[in-house]
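>>> A predicted structure for the sequence below; I have some questions about it.
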Amino acid sequence: MFDLMEKKKRLTQKASSFIQEMVVDKINEIEETDEFPWYMAEHFFKAGFLSLLIPKSYGGFGGNILDFCTVVEEIAKYSASLALLIIVQTVGTLPVLLYGSEKQKTLYLEDICRNQRLMGFALTEPKAGSDVGALQMTAKKEGRHYILNGKKSFVTNGGIAHYYSTIVKTNPRQGKRGLTAFIVPLDSDGLFVGKKDDKIGMRGVPSTSLTLRDVNLPATHIIGQKGEGFRIAMETLNHSRPAIASQAVGIAQAALELATLFAMKRRQFNKPIAKLGGMQFILADMATSVEAARSMVYKAAYYLDNQHPNATKLSAMSKFFCSDVAMKVTINAVQVFGGYGCLKSKPLERLMRDAKITQIYEGTNQIQRFVVAEQMIKEHLDDSKRYYSEELEKMEWE
């Protein structure tokens with residue numbers, strides 16, 4: 001663990017130096033204009049932040065999930081939106097990384113790194129969010145091609161990504177088993193980008209709808225095997241959820257630091273409010289929550305990097321716990337600031353708005369709790385020789 005932390009420290013310093021040099025003075029501009037910062041994407045590519053999980057053999061950074069989370073957390077302390085850019089790039093790439101053929105990896109991963117291509121992940125639809133099995137976008141086979149029709153919503157990087165990892169139905173009668181993953185290029189005939197969503201947070205990184213009308217794609221655009229779409233989607237989210245958790249930790253850390261500094265400078269009753277007992281309790285609880293959340297991210301990332309059997313459970317735990325912490329900490333930080341916390345000229349209100357979406361995207365926190373509970377039940381069913389099993393068998397059940 002200490003070796004991991006030393007590596008993390010070096011990468012944190014690199015990300016911190018980069019963002020202080022290239023990003024800090026641009027954050028307000030990105031927030032106010034809500035325009036995508038192409039120049040920042042170019043800098044991120046050069047730093048390796050938009051190819052974090054892509055192996056060096058394809059021109060990528062060659063990192064792992066812990067590296068991914070480390071960079072995201074550090075950048076989220078300054079701009080959750082730019083951290084989201086790194087997250088969605090990786091989420092869009094993961095289906096190819098995890099399930100793509102060698103030919104697809106060579107074609108797309110090298111193109112991403114060499115030509116600075118952006119990625120998107122198209123899963124959610126107007127009538128299908130948490131219920132992935134309810135997806136309505138279809139892909140009908142015609143010879144060696146597929147014709148795609150339907151609409152995706154809340155597609156991050158919508159309209160700016162060059163490729164979209166897209167989950168569609170190839171066999172509507174098979175439910176989840178009838179889903180298939182496709183790579184859909186932005187320049188596909190019949191692909192229409194909807195109006196940019198006017199979001200309360202995560203400004204500067206667009207989300208839009210994508211409408212596909214008779215989009216004709218060859219079978220070579222299928223990721224993995226036909227019918228593996230649900231599995232690909234779930235494994236993609238499983239690998240990316242700790243990054244959402246680390247984004248939330250970065251947001252919470254920034255709020256904690258701002259609240260602490262403000263409490264040290266703000267004077268009431270002839271002393272800094274940081275010296276007041278009630279305020280110290282608030283700050284202590286905030287700090288403890290952030291530290292606990294960060295530790296959970298490390299463990300989830302470690303489990304995924306080492307293919308631990310409990311990785312899915314820890315991934316879901318980290319996502320809902322850390323995002324809940326971010327929401328609570330930012331709200332408490334606003335309380336510490338008092339009236340100043342409600343001013344748009346202060347960064348806290350942005351942090352609070354950004355924190356909210358971390359509880360929703362990549363699977364709502366309610367769904368994450370469902371995943372955790374299901375994994376717990378599975379673990380206990382798989383291990384029938386637990387210490388208390390015999391004791392439970394002796395109980396009289398009503």
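Arrived safely. Residues are numbered from 1 along each chain as shown.

>>> what are the ranges of the strands in the stretch 1-150 of the chain?
Secondary structure of the stretch 1-150 of the chain (DSSP state E, counting those that start in this stretch): strands at 119-122, 138-142, 145-156.

>>> Which one, of the ones you listed, ends up nearest to Gly341?
Gly341 lies closest to strand 145-156 among these, at 27.9 Å (C-beta to C-beta). Every residue, glycine included, has its C-beta placed from N, CA and C.

>>> buried ones in the closest one?
Neighbour counts using 16 or more other C-beta atoms under 10 Å place 146-156 of strand 145-156 among the buried residues.

>>> Where does pLDDT dip in this structure?
For the chain, applying pLDDT under 70 flags the ranges 1-7, 382-394, 396-398.

>>> Identify the residue nearest the geometric centre of it.
Centroid-nearest residue in the chain, with C-alpha atoms, centre = their mean: Ile244, separated by 3.7 Å.

>>> Report the secondary structure state of it.
helix (DSSP: H, G, I helix; E, B strand; the rest coil).

>>> what do you get for Gly227?
Classified using three-state DSSP, Gly227 is coil.

>>> Now it: closest residue in space, sequence neighbours ignored.
Nearest residue to Gly227 in three dimensions, chain neighbours excluded: Arg177, at 5.7 Å (C-beta to C-beta, 6 or more residues apart in numbering).

>>> Can you give me the neighbour number for the one you found?
Look at Arg177: counted by other C-beta atoms under 10 Å, it has 13 neighbours.

>>> thinking it is in contact with Gly229, fair?
No: judged on C-beta atoms under 8 Å, Arg177 makes no contact with Gly229 at a distance of 9.0 Å.

>>> how about the helices in this protein?
Using DSSP state H, the helices assigned to the chain run over residues 2-22, 27-33, 38-47, 65-76, 80-99, 102-104, 110-115, 229-265, 277-305, 311-337, 348-358, 365-382, 389-394.

>>> what's the first-to-last distance across stretch 298-316?
End-to-end distance for stretch 298-316, by C-alpha to C-alpha, to the nearest Å: 13 Å.

>>> what's near enough to touch the residue nearest to the centre of the chain?
By C-beta atoms under 8 Å, 6 or more residues apart in numbering, the contact list for Ile244 reads 87, 319, 322-323, 358, 361-362.

>>> By neighbour count, which of the residues you listed wins?
In terms of neighbour count, Lys319 stands highest of the contacts of Ile244 at 35 neighbours, by other C-beta under 10 Å.

>>> can you tell me how far that one sits from Pro242?
Note on Lys319: its distance to Pro242, by C-beta to C-beta, to the nearest Å, is 7 Å.

>>> got it, and Gln368?
Distance, Gln368 to Pro242, using C-beta to C-beta: 12 Å.

>>> Counting neighbours, what do you get for Ile30?
Neighbourhood size, Ile30 [other C-beta under 10 Å]: 19.

>>> ugh, wrong one, I meant Val334
A count of nearby residues for Val334, using other C-beta under 10 Å, gives 21.

>>> Spit out the contact partners of it.
By C-beta under 8 Å, 6+ apart, the neighbours of Val334 are 341-342, 348-349, 352.

>>> In PyMOL, how would I select the buried members of the residues you listed?
Buried residues among those (16+ other C-beta under 10 Å), as a PyMOL selection:
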select buried, resi 341+348+349+352
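
>>> now for the contacts of Val334, which pair is the farthest apart?
Among the contacts of Val334, Cys342 and Met352 lie farthest apart (C-beta to C-beta), at 9.7 Å.

>>> what residues are shared contacts of Gln368 and Pro242?
Taking C-beta under 8 Å, 6+ apart as the contact rule, Gln368 and Pro242 both touch Lys319.

>>> If you count surrounding residues, which of the two has more?
Comparing Gln368 with Pro242 by other C-beta under 10 Å, the one with more neighbours is Pro242, at 33 against 26.

>>> Could you measure from that one over to Tyr39?
29 Å.

>>> and if you look at Thr156?
Distance, Thr156 to Tyr39, by C-beta to C-beta: 19 Å.
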